[in-house]
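Novice: I would like the atomic coordinates for the input below:
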Amino acid sequence: MKHAKSLITGEKVNVQDWELFHKEDTPICLVCSNELYVKAHPSPDVTTHFSHYKNPNCPLVKDHHQRYQILGPGIQDKENGEQIKQLFVNNIGLMFAECKRVFGDNFPHALFKEMVKKATERNIWFYKGLKIEYVPYVLLVNYGIFKKTDKSPKMHFVLDANLTNYDELWNKPKEVRPIIWRVFTDSDEIEEYQMNLRLGNTKVPHYFIDYIFGLQSKKESITTFLEW
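Specialist: Residues are numbered from 1 along each chain as shown. The predicted structure is shown next:
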C-alpha cells in the first residue's frame, strides 16, 4: 500500500514522504492498526510500498479478504429480515445513493441489482438484528471483487479488521469502527469512507423509484426488478 498512519502524529503519509521525513517514526496500517514496514523491491516494476509483517489479521491481505465470501447468518431472523427488505424497498433511492457515494459516480443500476441478488443468495437480509442503515455497506463488501470496466477500476471493499461477522457492525458498535474502505485491487491503494448511520427511514415516492430504475417503461415492480 502507498499510505500509512504515523504513530507519532496520527497523520496519513505516503511512502515517498515517509522515506524523506519519517524514518524515525513507525508506520501503522490504516485498516488494522498493526505496524507496517517500508518494503523496497529489486524489480523496477514494483514500487516501494508499505507492507505488513507476517500473519497480520488485516482484510487488506488478499487471503484474509476471502473471509467476506463465507460470511452468513448463523441464526436467521426471518421476521426482522422481511421488515428490513420492506424498508430497503421503501428507502431504495437512499440505498442506491449511498452505495454510489462510496463506489464512485460510475455506479450503474444493473450492478446495484447484482449486489442485491448476491446478498439474497447468501441470506444477508436475515442477520439477527440487521439495521437498515448498515445495508449499503454490507452490499458493497459482500459482493466481492468489482471487475474493471471502461469507467471504473477493479476494486473491492473491506471493513474494520476486528470484524468477524457482519452483525458485529450493529451489535458491537464500540468495538468495530463505522468505516468502509475502498481498495483498488491492482494497486492496493485505499480510500476511507465514514458510514452514514443517519440514512433514516424516509419513504421514497414510488414515482422516484420507477424513475431511477427505469421501471415505468418495463411495467414491472421494484420487487420484481430485484427478483425477490
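
Novice: Point out where the protein drops to low pLDDT.
Specialist: The chain contains residues with pLDDT under 70 at 41-46, 63-72, 74, 200-228.

Novice: repeat that for 80
Specialist: Applying pLDDT under 80 to the chain flags the ranges 1, 40-47, 55-57, 61-75, 187-188, 199-228.

Novice: Break down it into its helices, ranges please.
Specialist: 15-21, 62-65, 78-90, 92-103, 109-121, 135-143, 168-171, 206-213, 215-218, 222-225 (DSSP state H).

Novice: Those into TSV, with extra columns for distance to residue 2 and mean neighbour count?
Specialist: The way it works is simple: take the backbone N, C-alpha and C, and place the C-beta from them, glycine included. Listed next are these as TSV, based on distance: least, C-beta to C-beta, whole Å; neighbours: other C-beta atoms under 10 Å:
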stretch	distance to residue 2	mean neighbour count
helix 15-21	5	14
helix 62-65	17	13
helix 78-90	36	16
helix 92-103	20	19
helix 109-121	27	16
helix 135-143	22	23
helix 168-171	27	19
helix 206-213	35	15
helix 215-218	42	11
helix 222-225	39	14
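
Novice: Need those in a markdown table (columns: distance to residue 6).
Specialist: As requested, the helices of the chain are exported to a markdown table (distance: least, C-beta to C-beta, whole Å):
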| stretch | distance to residue 6 |
| --- | --- |
| helix 15-21 | 8 |
| helix 62-65 | 24 |
| helix 78-90 | 40 |
| helix 92-103 | 26 |
| helix 109-121 | 35 |
| helix 135-143 | 27 |
| helix 168-171 | 28 |
| helix 206-213 | 42 |
| helix 215-218 | 50 |
| helix 222-225 | 47 |
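
Novice: Which one of those lies nearest to residue 9?
Specialist: helix 15-21 (10.6 Å; C-beta to C-beta).

Novice: Alpha carbons of that closest one, as PDB, please.
Specialist: Presented in PDB, the C-alpha positions along helix 15-21 are these (Å, rounded to 0.1, in the frame of the first residue of the first chain):
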ATOM      1  CA  VAL A  15       5.500   6.200   1.200                       C
ATOM      2  CA  GLN A  16       7.700   8.700  -0.600                       C
ATOM      3  CA  ASP A  17       7.300  11.400   2.100                       C
ATOM      4  CA  TRP A  18       7.900   8.700   4.700                       C
ATOM      5  CA  GLU A  19      11.300   7.800   3.300                       C
ATOM      6  CA  LEU A  20      12.200  11.500   3.400                       C
ATOM      7  CA  PHE A  21      10.700  12.800   6.600                       C
END
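
Novice: Might you quantify the distance of it from its chain's geometric centre?
Specialist: Mean-position distance between helix 15-21 and its chain equals 29 Å (C-alpha atoms, centre = their mean, to the nearest Å).

Novice: Ok, which of the helices of the chain comes nearest residue 32?
Specialist: Here helix 62-65 is closest among the helices of the chain (C-beta to C-beta), at 9.1 Å.

Novice: got a list of what residue 118 touches?
Specialist: Contacts for residue 118 (C-beta atoms under 8 Å, 6 or more residues apart in numbering) come out as 142, 143, 144.

Novice: The same query, at a cut-off of 6 Å, please.
Specialist: residue 143 (C-beta atoms under 6 Å, 6 or more residues apart in numbering).

Novice: now do residue 189
Specialist: Here residue 189 is in contact with residue 2 (C-beta under 6 Å, 6+ apart).
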